[in-house]
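Engineer: what's the 3D shape of this:
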Amino acid sequence: MVKNFFRDHSIHKKIAPFFDELFFLNPMNYYFSWLMICTGIYLNLFLSDLSPQFLFSFNSGYLFLFVGLSFLLSSIYINKEITKSSSKNKTSNFIKEKYSTTKIIIFSRLLSITGVLILFFASWINALAGLLLGLLGIVINKLFKNKIVYYFIESIILFFSGWYYTSFVNTSRSIIIYDLLFIFPYFILCYCIYMSKLKSDNFKNNGIDISKYDFKFLLSLILILLCLFMGLSNNDPLLSIVSITSAGFYFYSFLRAQQKDIIRSFVYPLALFNIFLMTIFPYLFIFHYILFYISKYYYWHRFNIHYPTFLVDNG
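Structural biologist: Next up, the predicted model:
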């Protein structure tokens with residue numbers, strides 16, 4: 001009965017528009033940004049021999065870190081939307097109908113300033129990283145049309161933010177050359193996930209054909225296997241399990257290259273990465289769970305679509 005009420009009752013069509021402002025912040029992207037912050041925290045603890053697993057300690061500084069970076073990222077996402085002449089993001093179009101462009105720009109700037117100020121409560125280094133992240137959204141994103149370059153630099157900043165704050169409050173460990181053997185495979189893994197996302201977006205939005213035995217799919221498969229090898233060599237349980245459970249999706253993308261394979265090679269490795277991180281940071285489950293079901297509620301009652309979902313059309 002409760003399920004039917006939340007799924008079918010007409011009152012939700014009136015409630016859903018009140019979530020437009022929330023989803024204009026593009027919170028679904030937090031699934032990746034929070035992942036990179038948590039990876040930085042995890043590796044600093046792991047390389048300090050602290051055996052990170054089911055960590056329930058959470059101080060206010062970590063809250064400032066995540067909230068500040070999330071505000072900054074949302075500001076960047078908003079700036080991307082308002083610079084588009086025509087947006088396929090329906091939520092963005094609703095917001096543009098409700099508010100003038102000037103008000104949206106002012107809100108975006110306030111969001112970025114607030115994000116940096118919040119990061120000062122974590123540490124001044126994190127605030128500096130936040131400023132770099134803001135400049136990345138303004139400058140780098142305009143200079144480089146290749147989204148992989150933008151995503152890669154953003155991931156470095158997010159990773160470093162998590163690493164540094166953990167060093168500041170827990171370990172006092174700085175990054176040394178030896179650590180790069182443990183750090184670099186995670187960026188390889190993220191590259192593969194991003195590449196699948198871009199391929200999927202090109203197919204859905206631009207109708208670009210996907211061919212079998214594509215070199216980029218083969219490269220992703222090789223890189224994932226390299227991550228698996230390095231994870232096993234480094235005795236890194238997180239990298240090992242994420243790599244081995246994700247490899248099959250990239251194998252099918254290379255061998256069969258149907259749209260469903262490309263979608264799965266993005267959605268499932270990203271989901272698996274987050275799920276295994278939840279065993280290290282249980283509080284992450286709470287935030288992901290709330291965001292997941294609020295998103296399902298919003299997209300179903302606002303647009304009549306099932307999103308987000310782990311179901312992929314087999315047709």
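Engineer: Assign residue 222 to helix, strand or coil.
Structural biologist: Secondary structure assignment for residue 222 (DSSP: H, G, I helix; E, B strand; the rest coil): helix.
Engineer: What separation is there between it and residue 192?
Structural biologist: Going from residue 222 to residue 192 by CB to CB, to the nearest Å gives 10 Å. (Glycine included, C-beta is placed from N, CA and C.)
Engineer: Next: residue 95.
Structural biologist: On the measure of CB to CB, residue 95 and residue 192 end up 33 Å apart.
Engineer: These two - which one has more neighbours?
Structural biologist: residue 192 (27 against 21; other CB atoms under 10 Å).
Engineer: Pull the contacting residues for the more buried one.
Structural biologist: The contact partners of residue 192, taken as CB atoms under 8 Å, 6 or more residues apart in numbering, are 220, 223-224, 246, 250, 265, 269.
Engineer: Check whether residue 74 really touches residue 114, as I assumed.
Structural biologist: No - contact criterion CB atoms under 8 Å: residue 74 and residue 114 do not qualify, at 10.4 Å.
Engineer: Who has more neighbours out of these two?
Structural biologist: More crowded of residue 74 and residue 114, by other CB under 10 Å: residue 74, with 22 against 15.
Engineer: Regarding the more buried one, what is its secondary structure?
Structural biologist: Taking three-state DSSP, the label given to residue 74 is helix.
Engineer: So residue 257: helix, strand or coil?
Structural biologist: coil.
Engineer: for it, phi and psi?
Structural biologist: Recorded main-chain torsions at residue 257 are phi 60, psi 40, according to degrees, to the nearest 10.
Engineer: model confidence over stretch 28-40, on average?
Structural biologist: Confidence over stretch 28-40 (mean pLDDT, whole number) is 92.
Engineer: Show residues contacting it.
Structural biologist: 65-66, 69-70, 73, 77, 154-155, 158-164, 166, 186, 190, 193, 238, 270, 273-274, 277, 280-281, 284, 287-288, 291, 295, 308.
Engineer: Filter those residues down to just the ones in strands.
Structural biologist: With DSSP state E as the criterion, strands contain none of the contacts of stretch 28-40.
Engineer: out of the residues you listed, which are buried?
Structural biologist: The neighbour count (16 or more other CB atoms under 10 Å) marks 65-66, 69-70, 73, 77, 154-155, 158-164, 166, 186, 190, 193, 238, 270, 273-274, 277, 280-281, 284, 287-288, 291, 295 as buried among those.
Engineer: Which helix or strand contains residue 306?
Structural biologist: Under the criterion of DSSP states H and E, residue 306 resides outside all helices and strands.
Engineer: quick one: contacts for it?
Structural biologist: 296, 299-300.
Engineer: pLDDT below threshold where in this structure?
Structural biologist: 1-9, 84-88, 140-146, 202-212, 311-315 (pLDDT under 70).
Engineer: Buried residues, the one helix or strand residue 22 maps to. List them.
Structural biologist: In the assignment (DSSP H and E), residue 22 maps to helix 20-24. Using 16+ other CB under 10 Å as the test for burial, helix 20-24 gives 20, 23-24.
Engineer: how does the chain divide into domains?
Structural biologist: Structural domains annotated on the chain: 28-175, 176-315, as defined by automatic domain parsing.
Engineer: Check the gap between residue 268 and residue 11 for me.
Structural biologist: 34 Å.
Engineer: who has more neighbours, the two?
Structural biologist: Taking other CB under 10 Å, residue 268 and residue 11 do not tie; residue 268 has more neighbours (18 against 9).
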